[in-house]
Each structure stands twice: as C-alpha cells, then as structure tokens.
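K.L.:
Structure for the following, please:
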Amino acid sequence: MVVIAAMTGLIAAVLMFTAGYLLGTRRGARARERLWQQSLDLVENFKDQRRQLVEQQEEMRITVLRDDNLRAKLDQVLTPILRRERLGFELSDEGSEDGNRGDLTHLLDQIAQKGSFRAVVLTDDEGLPLASSSSAWDLDRLSGISSFLLVLADRFGRDGAPAPLSFMLHDEENNVTLSRLFRLRDKRLLLTAVSTSTELTSTALDPALARLGKVLSK
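P.N.:
This next block holds a predicted model:
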C-alpha cells in the first residue's frame, strides 16, 4: 500500500509538472506571437512613416521648384524695370556740378558712365556737335545721324502732326543709338547716346535733360 501510494503521488506530481509546463509553453507561445505581431506592426508603421516622409519631401521639392520658376520669371520681368528706374534716378542726380557751361563735357561723361553708354553727344539744330563725352568716337558719323534725324523730325511734324521726341536705331552689331530732341530758349538740341543694351527705352535720356538745361542756361 505504501508503495502504491508513493507511486500514485509520484505520477500525480509528474502530471502536475507536465500540465504546468504545457500551460507555460502555450502562454510563452502566445507571448512570442504577440511580440512578433507587435514587431510586424512597428515595421509597417515605420514603412508608413517613411513613405509619408518621402511624399512630403517630394511635395516640398515641387514647391521649391515652382517657387524658383516663379522667382526666375519675376526677376526676368522686374530686372529691366528696376534697371530703368535706377538709370533714371542716376541720370537725374545733379551730383557736384556747379552749373558752369565748362562742365558740359564732365556732365556728358557722367551720363555716359552712369548709363553705361559708349558715347554721348550733344548737337545743335544743324547737327553740329556742341560737346561730347570723353569716350565718344566717330563724331562725324554721329553728327551726320543727328542732322538726318532733325530733318526727319521736321518732316514728321508737317501739317500740324505731332513731332517726334526721340529716335532709336538698332544696328547689325547690336548697338542701340538713342537720340532725344528737346528745346532750350527756343533752340532745338539733340542729345544722342550709343549703348550696347537692347533694354534701352525711348525715354531713357529724359531724366538728364534737366541737368543739361541747368548747365546750358549759364
């Protein structure tokens, strides 16, 4: 009986240990399964976040490209306008002239420098040069052009038609010659400037007329 009881107790202990082991194994398997699923979820979450980051970066890149294109277009439109405004301001700036007629060449030099003109010439109503910038060349040709433009202006102004105030000539070497007619004490004068800039407008020399009038009036 003692032996049987001992055997029975041993078998019961083995069964309890086995049941506990199996229960623990199942619980461990479930825990490992949960951990595996959590790992998969974390991987998927990481992939989603990475995909969203890539999409955001692409959107930012497109936005930057659009901004750059817009900025380039604005610069293309505004740059010539800003240059003309700056040129007008600089040509109208009286600087340090004292108003003597002897400063006429100095004034034309300043106009040439500030306007980046290759040459600046002032002629009378017969096309004869009164003064020129130090950088001026081929005065005979420029005087001949002035004489022709004065005659052409007279023809345009016949029969009460409005007379032209300026002429622009663009030659095959990409030089632009701008001539501005103006009057001072009933005398007609012509201010001519030669430039390599095709952005020059017909009114580019207008801001300098007041300074010319001040010097010529002395």
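K.L.:
Please make it C-alpha for all contacts and neighbour counts, starting now.
P.N.:
Will do.
K.L.:
now the chain, which segments are flagged as low pLDDT?
P.N.:
Within the chain, the stretches with pLDDT under 70 are 1-29, 31-33, 35-44, 46-47, 50, 53-54, 57-58, 60-68, 70-71, 73-102.
K.L.:
What segments of it are helices?
P.N.:
In order along the chain, the chain carries the following helices (DSSP state H): 2-92, 104-114, 139-156, 209-216.
K.L.:
got the buried residues for the shortest one?
P.N.:
Residues of helix 209-216 classed as buried under the neighbour-count rule (16 or more other CA atoms under 10 Å) are 209, 211-212, 215-216.
K.L.:
who are the neighbours of it, in terms of helices and strands?
P.N.:
When contacts are defined as 3 or more CA pairs under 8 Å, 6 or more residues apart in numbering; DSSP states H and E, helix 209-216 sits against helix 104-114.
K.L.:
Which positions in the helix it packs on come out as buried?
P.N.:
104-113.
K.L.:
Could you list every helix and strand in contact with that helix?
P.N.:
helix 2-92, strand 119-123, strand 129-132, helix 209-216.
K.L.:
hang on, the earlier thing: report the two of the buried residues of helix 104-114 separated the most.
P.N.:
Using CA to CA, the buried residues of helix 104-114 reach their maximum pairwise distance at Leu104 and Gln113, which is 14.2 Å.
K.L.:
Just give me the neighbour total for the nearest residue to Leu190 once chain neighbours are set aside.
P.N.:
On the basis of CA to CA, 6 or more residues apart in numbering, the spatially nearest residue to Leu190 that is not a chain neighbour turns out to be Leu181, at 4.6 Å. The local packing of Leu181 (other CA atoms under 10 Å) involves 24 other residues.
K.L.:
List the contacts of Leu181.
P.N.:
Neighbouring residues of Leu181 by CA atoms under 8 Å, 6 or more residues apart in numbering: 164-166, 188-191.
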